[in-house]
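In: Structure for this input, please:
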Amino acid sequence: MKAEIYVKLKPVVLDPQGKAVSGGLRNLGFDGVKDVRVGKYIVLTLDEGMTAAEAEEKVKAMCEKLLVNTVIEEYEFKIGA
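Out: Numbers count the residues shown, from 1 in each chain. Below is the predicted model of the structure:
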């Protein structure tokens, strides 16, 4: 069973990496990009013996305790095969 976690900065937090990417795209001639926000994509492989509810509970705990800085970041995840 896999868990896919998407982490991004909260909208009120400045994103200097996103600004750098935006500037780089503009310098390369890619006009029309209004804003860039950079985040993280994490894939976990979980034990097969877990139920979907157990997996959701564990992934949420992992995010809250280690994977996400909940002061400045927000996240969402999905559990799949």
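In: And the pLDDT at the residue lying closest to residue 64 once chain neighbours are set aside?
Out: Spatially, and ignoring its direct neighbours in sequence, residue 64 is nearest to residue 70 (6.4 Å; C-beta to C-beta, 6 or more residues apart in numbering). C-beta: built from backbone N, CA, C; applies to glycine. At residue 70, the model reports a pLDDT of 97.
In: Residue 70 belongs to a helix?
Out: No: the assignment for residue 70 is coil, going by DSSP: H, G, I helix; E, B strand; the rest coil, so no helix is present there.
In: quick one: it and residue 10, what's the gap?
Out: Separation of residue 70 from residue 10 (C-beta to C-beta, to the nearest Å) stands at 9 Å.
In: Assign a three-state SS to residue 57, would you?
Out: Residue 57 ends up helix, using three-state DSSP.
In: so who does it touch?
Out: Taking C-beta atoms under 8 Å, 6 or more residues apart in numbering as the definition of contact, residue 57 has no neighbours.
In: heads up, I number from 8, so please use that
Out: Renumbered: residue one is now 8, and that last one reads residue 64.
In: is it true that residue 22 touches residue 79?
Out: No: Residue 22 is beyond contact range of residue 79, at 10.0 Å (criterion: C-beta atoms under 8 Å).
In: Give me the common contacts of those two.
Out: residue 16.
In: okay, the two: which has more neighbours?
Out: Neighbours of residue 22 and residue 79, each counted by other C-beta atoms under 10 Å, are more numerous for residue 22; the result is 18 against 11.
In: What does the pLDDT read for the more buried one?
Out: 97.
In: Return the residues in contact with it.
Out: Going by C-beta under 8 Å, 6+ apart, the list of residues near residue 22 reads 16, 43-45.
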